[in-house]
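Asks: only the shape, not the letters, is given here:
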Ligand code: NI
Ligand code: NI
Ligand code: NI
């Protein structure tokens, strides 16, 4: 059995939680901040059987991987509206940091 | 030395904290949600000497183990009071998930 | 690669975060309570390359180590002001508890 500690952006957290439940993977969530990722983030503690580890990695990758997202910025405050032409820009979102640790013993009471 | 990570129901958390202190076991608590247990839960990080691990497991088991609790539900909202006969039902409460990991090094500053 | 879990007093947390960033060390913070230290505390999860571990220990020691601090207590509530002579006293602040664990695998998505 392995303990997988995944730190993901808050915006990806509900999708990851949903996809873990769907795959029957047990996890608990801790609110965390700063550090690995710029925005607020969530730390998942996941207990996974050895033969499930690759599946869980795939779920984390698919739920959270760093990707470009096209957004159209709002008109800047106080700009001359007639001279402001909004155009879509690409920003980086998502990403996950994953630690996998060996568990010496696992128990449920 | 081992790191023991215990995820327990919020309602069992004060009792576990009390019993750990009584046994001279150092622990810190993190608020956590969902996953292993249905209700809100608390994650304990416990540092235990190797020879204390079985004692700590016993403390967690005694403080948190899954058990039946008999409750008498309240009269349902809007029910006809003369026709509602409350009767006690048994619900499952408690439970703990425990990971034990080996610590390579432990330090206090 | 190692996972370093450091539990420090809230008052030392911003200094530690600042010093880790300055050294290019990745960390995430979790709010935690009680246990290892008397006051509110913060749990840092730090991912460190093996050759960085001693540097990170030094950063934690320098940012958080237990030390004496001289404070002048306020006049006690309801005391006779003319008879109360405030004098500086020394109190213990800071301190850190550090666990270092081996990481089997580390990934970023
Ligand atoms: Ni779905
Ligand atoms: Ni007692
Ligand atoms: Ni500075």
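Replies: Sure thing, it's come through. This structure is a prediction, so every number in the text was calculated from the model and none was measured. Ligands and ions are numbered 1, 2, ... in the order given.

Asks: what's the mean pLDDT across stretch A:95-104?
Replies: Averaging pLDDT along stretch A:95-104 yields 95.

Asks: how about that stretch, which residues are buried there?
Replies: Buried residues in stretch A:95-104, counted by 16 or more other CB atoms under 10 Å in any protein chain shown: A:95-101, A:103. In short, each C-beta sits where N, CA and C put it, glycine included.

Asks: do it and chain C come into contact?
Replies: Yes: using CB under 8 Å from any CB of the partner chain, stretch A:95-104 reaches chain C at A:95-102.

Asks: which of those residues lies closest to chain B?
Replies: Nearest to chain B out of those is residue A:101 (CB to the nearest CB; 5.9 Å).

Asks: quickly find the element holding that closest one.
Replies: strand A:96-102 (DSSP states H and E).

Asks: thinking again about what came up before, format the residues of stretch A:95-104 next to chain C as TSV; extra columns: distance to chain B.
Replies: Below are the residues of stretch A:95-104 next to chain C laid out as TSV (distance: CB to the nearest CB, whole Å):
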residue	distance to chain B
A:95	22
A:96	17
A:97	18
A:98	16
A:99	11
A:100	12
A:101	6
A:102	7
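
Asks: can you add distance to residue A:53 and give these back as a markdown table?
Replies: Shown next, in a markdown table, are those (distance: CB to CB, whole Å):
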| residue | distance to residue A:53 |
| --- | --- |
| A:95 | 20 |
| A:96 | 15 |
| A:97 | 16 |
| A:98 | 10 |
| A:99 | 12 |
| A:100 | 7 |
| A:101 | 11 |
| A:102 | 11 |
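
Asks: with adjacent residues omitted, what lies nearest to residue A:47?
Replies: Closest residue to residue A:47 in three dimensions, ignoring its sequence neighbours and counting by CB to CB, 6 or more residues apart in numbering or on different chains: residue A:26, at 5.2 Å.

Asks: count the neighbours of the one you found for me.
Replies: Around residue A:26 there are 16 other residues, counting by other CB atoms under 10 Å in any protein chain shown.

Asks: I figured it hits residue A:49, correct?
Replies: No: Residue A:26 is beyond contact range of residue A:49, at 10.1 Å (criterion: CB atoms under 8 Å).

Asks: and for the lengthiest helix in chain A, what are the contacting residues?
Replies: With secondary structure taken from DSSP state H, chain A has its longest helix at helix A:53-64. Residues from elsewhere that reach helix A:53-64 (CB atoms under 8 Å, 6 or more residues apart in numbering or on different chains): A:2, A:4, A:6, A:8-9, A:12, A:15-16, A:19-20, A:23, A:25, A:46, A:48, A:94-96, A:98, A:100, C:107, C:109.

Asks: and if we set it to 6 Å?
Replies: Applying CB atoms under 6 Å, 6 or more residues apart in numbering or on different chains, the contact partners of helix A:53-64 are A:2, A:4, A:6, A:8, A:12, A:15-16, A:19, A:23, A:25, A:48, A:94, A:96, C:109.

Asks: just the buried residues out of those residues, in ChimeraX syntax.
Replies: For the buried members of the contacts of helix A:53-64, the matching ChimeraX selection, counting by 16+ other CB under 10 Å, is:
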select /A:2,4,6,8,12,16,19,25,48,94,96 /C:109
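
Asks: is whichever strand or helix holds residue A:4 in proximity to chain C?
Replies: For residue A:4, the host element (DSSP H and E) is strand A:2-9. Yes: counting by CB under 6 Å from any CB of the partner chain, chain C has neighbours in strand A:2-9: residue A:7.

Asks: strands paired with that strand, and their directions?
Replies: Here strand A:2-9 has these sheet partners by DSSP bridges: strand A:41-48 (antiparallel), strand A:96-102 (antiparallel).
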